[in-house]
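Enquirer: Model the structure of this input:
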Amino acid sequence: MITMQKLKSICIIWMFAGAANAGLLGDTIDWQYYSYGGAYNGLGSPGSFVAGSSTSAFSGYFTLSATDTQIIFDYDGSGTWSSSSQSYSSGGLTIDNGILLYNIDSLLTGVTINGSTNMAGFSASNITFNNNAIAIDWENLSFNANTSVVLDINSTNVPEPGSLALLGLGLAGLGFSRRKKAC
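Expert: Numbering: from 1, shown residues only. Below is the predicted model:
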């Protein structure tokens, strides 16, 4: 029989085990720009940033940042992304002329366009994603210094090994105390 004390213990253990990470906060997100058949290295690409605490820039184009539930592109230049042959295709992700965000620690379950996005023509068809990466294709889209693209991210956190160990020890302790009383 589970007593109130044991129930409290289970709740406390579960709280600590689940407190590992809220959304994207603390995730290091790597990125690479792709165009004209492959990866482009320069102007800050490849780069990385930490959600909630740092930014990264594709110099002359945009600055990247993230909150716990959003990835934000703030443009600082103007122009039109040119046409390109397919430059990246892997794991269900495709890019002709765009950016790959990858090594995202949280498991991605959804990526949608926030209503504050103001890039003309940008739609869900410009985005592909899988469990830990997002591909954004900018091909033939125009931008200026007032353009921003905000992606709303739905994710599930991957439990940290320490949290799982804490939960396991707590449950083992509860089992041991129950067994000890039965003897």
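
Enquirer: Determine the set of other helices and strands touching the helix or strand harbouring Asp74.
Expert: Asp74 belongs to strand 70-75 when elements are defined using DSSP states H and E. Of the remaining helices and strands, those touching strand 70-75 by 3 or more CB pairs under 8 Å, 6 or more residues apart in numbering; DSSP states H and E are strand 62-66, strand 148-156. All C-beta atoms are positioned from the backbone trio N, CA, C, and that covers glycine.

Enquirer: same for whichever helix or strand comes after it, what does it pack against?
Expert: Where DSSP H and E defines the elements, the next helix or strand beyond strand 70-75 is strand 79-80. For strand 79-80, the elements it packs on are strand 142-143, judged by 3+ CB pairs under 8 Å, 6+ apart.

Enquirer: how far is the strand it packs on from where the chain is centred?
Expert: A distance of 24 Å separates the C-alpha centroid of strand 142-143 from that of its chain, computed with CA atoms, centre = their mean, to the nearest Å.

Enquirer: what's it in contact with?
Expert: Under the contact criterion CB atoms under 8 Å, 6 or more residues apart in numbering, strand 142-143 has outside partners 61-62, 75, 77-81, 119-121.

Enquirer: Tell me which two of the residues you listed sit farthest apart.
Expert: When CB to CB is used, the two most widely separated members of the contacts of strand 142-143 are Gly77 and Gly121, lying 17.6 Å apart.

Enquirer: between the two, who's got more neighbours?
Expert: Neighbours of Gly77 and Gly121, each counted by other CB atoms under 10 Å, are more numerous for Gly77; the result is 13 against 10.

Enquirer: Isn't the more buried one up against Gly60?
Expert: Yes. The pair Gly77 and Gly60 passes the contact test of CB atoms under 8 Å, sitting 4.9 Å apart.

Enquirer: Pull the contacting residues for the residue nearest the centre of the chain.
Expert: Per CA atoms, centre = their mean, the C-alpha nearest to the average position across the chain is that of Ile104, at 4.7 Å. Contacts here follow CB under 8 Å, 6+ apart; on that basis Ile104 touches 24, 27, 29, 132-134, 155.
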